[in-house]
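>>> with the input below, show me the fold.
(2 chains)
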Amino acid sequence: EDQVTQSPEALRLQEGESSSLNCSYTVSGLRGLFWYRQDPGKGPEFLFTLYSAGEEKEKERLKATLTKKESFLHITAPKPEDSATYLCALIQGAQKLVFGQGTRLTINP
Amino acid sequence: GAGVSQSPSNKVTEKGKDVELRCDPISGHTALYWYRQSLGQGLEFLIYFQGNSAPDKSGLPSDRFSAERTGGSVSTLTIQRTQQEDSAVYLCASSVVGGSGGDYGYTFGSGTRLTVV
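Residues are numbered from 1 along each chain as shown, chains lettered A, B, ... in the order given. Here you go, the predicted model:
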């Protein structure tokens, strides 16, 4: 069964303190791994799609990487506005995304 | 509009009543999705519409749930005889490409928070 597990559940960092969020997955044939950001009271906001092991994508202070078993979301020198819940997801079938539980990130000024 | 619009933003209903949730996708987006987010749960797929194709209803939890999409645009999710376990945030998303959204991903609305009392 396709599964997505995110860790840690919650993470508190000081402004400027870099770290990484983990997304472990099991799937029979990876066809895409997705990262979304969700702010309180809002729907998720798309960040990245990764398709194959070794792929990396960057956006501002965020960089997503992918191996055959995990994906990491690296946050470099974060700012308070980076505080949010970060979600990863797999595609299952043709159009169903299976989401992890998310990592709630708090950046203290 | 510029984004996906959902209404109402909040809905409180009595157990046993029917509710209708509305979604206005981004103009030109052919793919439309409904997901549910319950407290402590991840996002759960409900239904997918793509153009004129038959919808993928495989995620609907019971026959009390139904959805339609009129004119390839606005969608309505209907829950009949609501139960307390239906309380959740119902999220609608649209995409310019179908399936997973590819490199464009989904654009989600802010959701409808449904509370069944």
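
>>> residues of chain A that sit close to chain B?
Within chain A, the positions adjacent to chain B are A:4, A:31-32, A:34, A:36, A:41-47, A:49, A:87, A:89, A:91, A:93-102 by Cβ under 8 Å from any Cβ of the partner chain. Placement of C-beta: from N, CA and C, glycine included.

>>> for PyMOL, what selects the buried ones among these?
Selection of the buried residues among the residues of chain A next to chain B in PyMOL, burial being defined by 16 or more other Cβ atoms under 10 Å in any protein chain shown:
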select buried, chain A and resi 4+32+34+36+43+44+45+46+47+49+87+89+91+95+96+97+98+99+100+101+102
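
>>> now the helix or strand encompassing residue B:46 - C-alpha only, PDB.
Here residue B:46 sits within strand B:43-50, counting by DSSP states H and E. Output of strand B:43-50 as PDB, limited to C-alpha atoms (Å, rounded to 0.1, in the frame of the first residue of the first chain):
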ATOM      1  CA  LEU B  43      -6.000  15.400   3.200                       C
ATOM      2  CA  GLU B  44      -8.300  12.700   1.900                       C
ATOM      3  CA  PHE B  45      -9.300  12.500  -1.800                       C
ATOM      4  CA  LEU B  46     -13.000  12.600  -2.500                       C
ATOM      5  CA  ILE B  47     -13.700  13.100  -6.300                       C
ATOM      6  CA  TYR B  48     -12.100  14.300  -9.500                       C
ATOM      7  CA  PHE B  49     -13.600  15.900 -12.600                       C
ATOM      8  CA  GLN B  50     -11.700  16.300 -15.900                       C
END
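
>>> check which helices and strands that strand sits against.
Where contact means 3 or more Cβ pairs under 8 Å, 6 or more residues apart in numbering or on different chains; DSSP states H and E, strand B:43-50 is packed against strand A:96-99, strand B:31-37, strand B:65-69, strand B:75-79.

>>> for the spatially most central residue of chain B, give its distance to residue A:46.
Against the mean C-alpha coordinate of chain B, by Cα atoms, centre = their mean, the closest residue is residue B:34 at 3.0 Å. The gap separating residue B:34 from residue A:46 is 17 Å, by Cβ to Cβ, to the nearest Å.

>>> got it, and residue B:61?
For residue B:61, the distance to residue A:46 - Cβ to Cβ - is 25 Å.

>>> and chain B, which of its residues are near chain A?
Proximity of chain B to chain A, by Cβ under 8 Å from any Cβ, involves residues B:4, B:31, B:33, B:35, B:41-43, B:45, B:48, B:50, B:56, B:58-59, B:91, B:93, B:98-111.

>>> with that, I have no additional questions.
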